[in-house]
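Student: following is a predicted model, sequence given first.
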Amino acid sequence: MEAYVFHTDHYVNQVVTQFLAKSQNLKFEDIENYKSNDDILFCSYGILRGTGEIFKKCKNYIYIDHGYFNSSLRKFTKEKNTLIGALNGYFRVIKNDFYFRDKFYEINPVRFNNLGIPLKELNRRAEHIILSEPSENTLKFLNIPNWTDETLKRLKKYTDRNIIVHNKFSEKPLKHLMENAFAFVSCQSTAGFMCIAEGIPSYFTHKSFGNYGKIENIEDRKLDHELLYIAANSQWKLNEFFSDDFNLYLSKVFK
């Protein structure tokens, strides 16, 4: 199956897709030129400016987005804009999924350990549960407009702990809430990975994480470090796109 890399008119998309196309010598096309074809592997970055709808229709695709750990610095403004600095962080590169490769079980801890992120013990100052809301774009893309209310109802079936709703535009920083967090609950937030490293069990509702962190087990606290190792083995910096390790990774992904 031949892989094609498609770019939009957004600069982050253009930079990331060019790195992928050039490093792998793949055909590079404007997304306006895309024509439905089940015989190609569609590759692009993000879910905006037309990519999301194409991803949904494709049988096989490579999806790229910000990494699970140490991604490029982003700032979220009160006007609900996202400002991105230098693209020197990690990007996740996954096949036929948007959030997590549940069928990719590379649990070698080396790449995670190289990140220099210490793994803390289970947080004993546990008081509240953080409920992390998806972004408006994610709610629309996944067609889950009532996710927050529905997840709150589910949680209350299994716990009577205080639940604090938080999103990336909240005034109170997530790090402050994490200090006394019993658990972190999200649809698919990458913040859940960092919470695990900080000693806070994470629970997900998206099917991609079906084997990890089910809300039904919210009171049975467990730090699943294997999840962190798999994630670290699926994320890469742009300059690593030209490395032998990344080529080996893609050889497994493209199968």
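Tutor: Received, thanks.
Student: ok, residue 167 - contacts?
Tutor: Residue 167 makes contact with 132, 133, 134, 135 under the criterion CB atoms under 8 Å, 6 or more residues apart in numbering. Where C-beta positions appear, they are placed from N, C-alpha and C, glycine not excepted.
Student: is it true that the third one touches residue 146?
Tutor: It stands for residue 134. No. Judged on CB atoms under 8 Å, residue 134 makes no contact with residue 146 at a distance of 11.5 Å.
Student: these two: who's more crowded?
Tutor: In this view residue 134 and residue 146 are compared by other CB atoms under 10 Å, and residue 134 has more residues nearby, 21 against 9.
Student: and the residue nearest to the more buried one when sequence neighbours are not counted, backbone torsions?
Tutor: Using CB to CB, 6 or more residues apart in numbering and skipping the chain neighbours, the partner closest in space to residue 134 is residue 187 (4.9 Å). Dihedral pair for residue 187: phi -80, psi -50, per degrees, to the nearest 10.
Student: quick one: residues contacting residue 187.
Tutor: 132, 134, 138, 142, 144, 147, 151, 204, 205, 206.
Student: just flag the most distant two among those residues.
Tutor: Spatial extent of these (CB to CB) is set by the pair 132 and 142 at 14.3 Å.
Student: tell me which of those two has more neighbours.
Tutor: Each of residue 132 and residue 142 has its neighbours counted (other CB under 10 Å); residue 132 has more, 25 against 17.
Student: check contacts around the more buried one.
Tutor: Counted by CB under 8 Å, 6+ apart, residue 132 has contacts 166, 167, 174, 184, 185, 186, 187, 189, 191, 192.
Student: state the distance from the closest residue to residue 197 other than its chain neighbours to residue 242.
Tutor: Nearest residue to residue 197 in three dimensions, chain neighbours excluded: residue 117, at 5.2 Å (CB to CB, 6+ apart). Applying CB to CB, to the nearest Å, the value for residue 117 to residue 242 is 25 Å.
Student: which of those two has more residues huddled nearby?
Tutor: residue 117 (16 against 12).
Student: and the more buried one, what are its phi and psi?
Tutor: Here is the backbone geometry of residue 117 (degrees, to the nearest 10): phi -100, psi 110.
Student: quick one, helices of the stretch 51-200 of the chain?
Tutor: Using DSSP state H, counting those that start in this stretch, the helices found in the stretch 51-200 of the chain span residues 51-57, 110-113, 136-141, 147-158, 174-178, 191-197.
Student: pretty sure residue 108 is touching residue 229, no?
Tutor: Yes. Between residue 108 and residue 229 there is a contact under CB under 8 Å: 6.7 Å.
Student: higher neighbour count, these two?
Tutor: Neighbour count, other CB under 10 Å: between residue 108 and residue 229, residue 229 has more, with 19 against 11.
Student: list the contacts for that one?
Tutor: Contacts for residue 229 were tallied using CB under 8 Å, 6+ apart; they are 106, 107, 108, 109, 111, 112.
Student: cutoff 10 Å now
Tutor: Contacts here follow CB atoms under 10 Å, 6 or more residues apart in numbering; on that basis residue 229 touches 105, 106, 107, 108, 109, 110, 111, 112, 113.
Student: count the residues that sit near residue 249.
Tutor: The local packing of residue 249 (other CB under 10 Å) involves 18 other residues.
Student: many thanks, I have nothing further to ask.
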